[in-house]
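Trainee: No sequence on hand, only this structure:
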């Protein structure tokens, strides 16, 4: 699976908002934030077949 | 061969022996911004005196990346073609993570434009060309080297300056004073104006080397290489790209715990360069170690004292938004100040320079701060996200889009600002004009060479354009002022609209029919309202 860009012009804004969300958090809390985000975004994707493909792609060359 | 820094002659100014007649405009600083400012005003028929504390062009190449929009502005100022001839046009960019190439991208020029997206050219050449151009406009531009502005006072309807020369000090009066003195602006400091923003803790080493053999391999194509976590250097990033005369620019991120004095020495720098270029012989041309700031003034207009370029705003170099942002300031201010001085527009028009360019500069600061943040992760979690983005980028296009080694300077959009009339069109009000190849009575030409410098009503459709005092009319069609050489103009502007262009080439209104009252209303608005 090859993931094409869907954020367009908002890519930099999102990336910066994500970094701002982590700003000042301890390592444990950053992990917690990431876990929450993964779960919430997975729910937004809402398609198990697609989520399985994404999981696989994320595990590749880890 | 090192650049020949021939000094410009100092001539004792008239103000040393007798009071000078009040000037319309005095410009502090003869760098690229001050010189371009004087040339722009001269082309609008306004005289200026340019005061510079030095008598040579920029020492070291400093600003090197000039964007398409800047080149189009320089085309109007009479030096664009010369810059393009001498400059190195970007062709291929490669991004590396460690010793692995993540991906490369095409920087080839888009067809149908006179100028490419970017060229590299040393600041000293740009200043040399601008000085020569200014000297050709000597009836308008009084260029004074070794004339250092040491004090100024705003008297409400004029400004007085105290200027120091090798023969002692003198004073002069001017209707407007434009500070183009660079990031250390003495005028800004004298006025005690807050200049706030973000300072980045990382130190960067900037080096220019001259080298016969291309580091990019056995081909002539100039490339632009960017490394995250380079293998030859333990910092976070490195950049290598080519300038004319076999000069290469190297930027190395050194980290926050750096002693800048110790780093800016040949003993420290030469091994760092050898780690990149190996045994290839090279000559060290120029180097500098510094920290970056992103900061701006709240206002660029302070009654009769105006701030332009780095005097008004500074950015990190990622995205090439410093010099290019400054040239857009000049382009924005030139016609407005000229119209006010000539009595063609109300004095309040100058205030729209503040409105439009504080907006442009905030956009530049946002983009360059984001690039700097990506390149200098400030916590382990930021470093983790950045490294995984880089690893994903080898395979996934979405991650490549997130890699930020500088979002390159693009023309500022001015839609919604007070001089523009809202509307929709293929080239929307507020945008800078788009170039296209044209042919006309004098043979082949370009849209940007014909449509900048004055208010113009443009159409490619079959409209009868009304004759309006002060408006130049251009039609691009069979039997019109120009013909569309290969369809690019039609593809970009369409045949259904009439465009009103400002002298700086920004579209300020678009119409679907040639209604005289609507066009006059938009034109009046774009010139700052009724006199």
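Mentor: Looks like it came in fine. Given the structure is predicted, the values throughout are model-derived calculations rather than measurements.
Trainee: Pull up the residues of chain A that are close to chain B.
Mentor: Applying Cβ under 8 Å from any Cβ of the partner chain, we find that chain A lies next to chain B at A:2-7, A:11-12, A:15-16, A:18-19, A:22-23, A:25, A:27, A:30, A:57, A:60-61. All C-beta atoms are positioned from the backbone trio N, CA, C, and that covers glycine.
Trainee: Can you list which of those residues are found in helices?
Mentor: Under the assignment DSSP state H, these contribute A:11, A:12, A:15, A:16, A:18, A:19, A:22, A:27, A:30, A:57 to helices.
Trainee: Going through the residues you listed, which ones are buried?
Mentor: Listed as buried from those are A:11, A:12, A:15, A:16, A:18, A:19, A:22, A:30; burial here means 16 or more other Cβ atoms under 10 Å in any protein chain shown.
Trainee: Verify the stated contact: the fourth one with residue B:372.
Mentor: When you say that, I think you mean residue A:16. No: contact criterion Cβ atoms under 8 Å: residue A:16 and residue B:372 do not qualify, at 11.3 Å.
Trainee: In contact with the most centrally placed residue in chain A, which residues?
Mentor: Nearest residue to the geometric centre of chain A (Cα atoms, centre = their mean): residue A:38, 5.6 Å. Residues near residue A:38 by Cβ atoms under 8 Å, 6 or more residues apart in numbering or on different chains: none.
Trainee: average model confidence for stretch B:241-253?
Mentor: The average pLDDT for stretch B:241-253 rounds to 94.
Trainee: hmm, I was thinking of stretch B:269-277
Mentor: pLDDT averaged over stretch B:269-277 gives 92.
Trainee: got the buried residues for that stretch?
Mentor: Quick answer for stretch B:269-277 (16+ other Cβ under 10 Å): B:269, B:272, B:273, B:276, B:277.
Trainee: Am I right that the first one is in contact with residue B:287?
Mentor: I take that to be residue B:269. Yes: using Cβ under 8 Å as the test, residue B:269 is close enough to residue B:287 to be in contact (5.7 Å).
Trainee: Check the contact lists of those two and give me the overlap.
Mentor: Any residue near both residue B:269 and residue B:287 by Cβ under 8 Å, 6+ apart counts here, and that gives B:205, B:207.
Trainee: mind listing the strands for the stretch 101-250 of chain B?
Mentor: With strands called from DSSP state E, counting those that start in this stretch, the stretch 101-250 of chain B shows them at B:118-120, B:141-144, B:148-154, B:159-165, B:168-179, B:196-210, B:223-228, B:237-243, B:247-255.
Trainee: Same list (the ones you listed) but as JSON lines, adding mean neighbour count and distance to residue B:445.
Mentor: Shown next, in JSON lines, are the strands of the stretch 101-250 of chain B (neighbours: other Cβ atoms under 10 Å in any protein chain shown; distance: least, Cβ to Cβ, whole Å):
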{"stretch": "strand B:118-120", "mean neighbour count": "24", "distance to residue B:445": "21"}
{"stretch": "strand B:141-144", "mean neighbour count": "22", "distance to residue B:445": "27"}
{"stretch": "strand B:148-154", "mean neighbour count": "17", "distance to residue B:445": "40"}
{"stretch": "strand B:159-165", "mean neighbour count": "20", "distance to residue B:445": "41"}
{"stretch": "strand B:168-179", "mean neighbour count": "21", "distance to residue B:445": "32"}
{"stretch": "strand B:196-210", "mean neighbour count": "19", "distance to residue B:445": "36"}
{"stretch": "strand B:223-228", "mean neighbour count": "22", "distance to residue B:445": "31"}
{"stretch": "strand B:237-243", "mean neighbour count": "22", "distance to residue B:445": "29"}
{"stretch": "strand B:247-255", "mean neighbour count": "21", "distance to residue B:445": "33"}
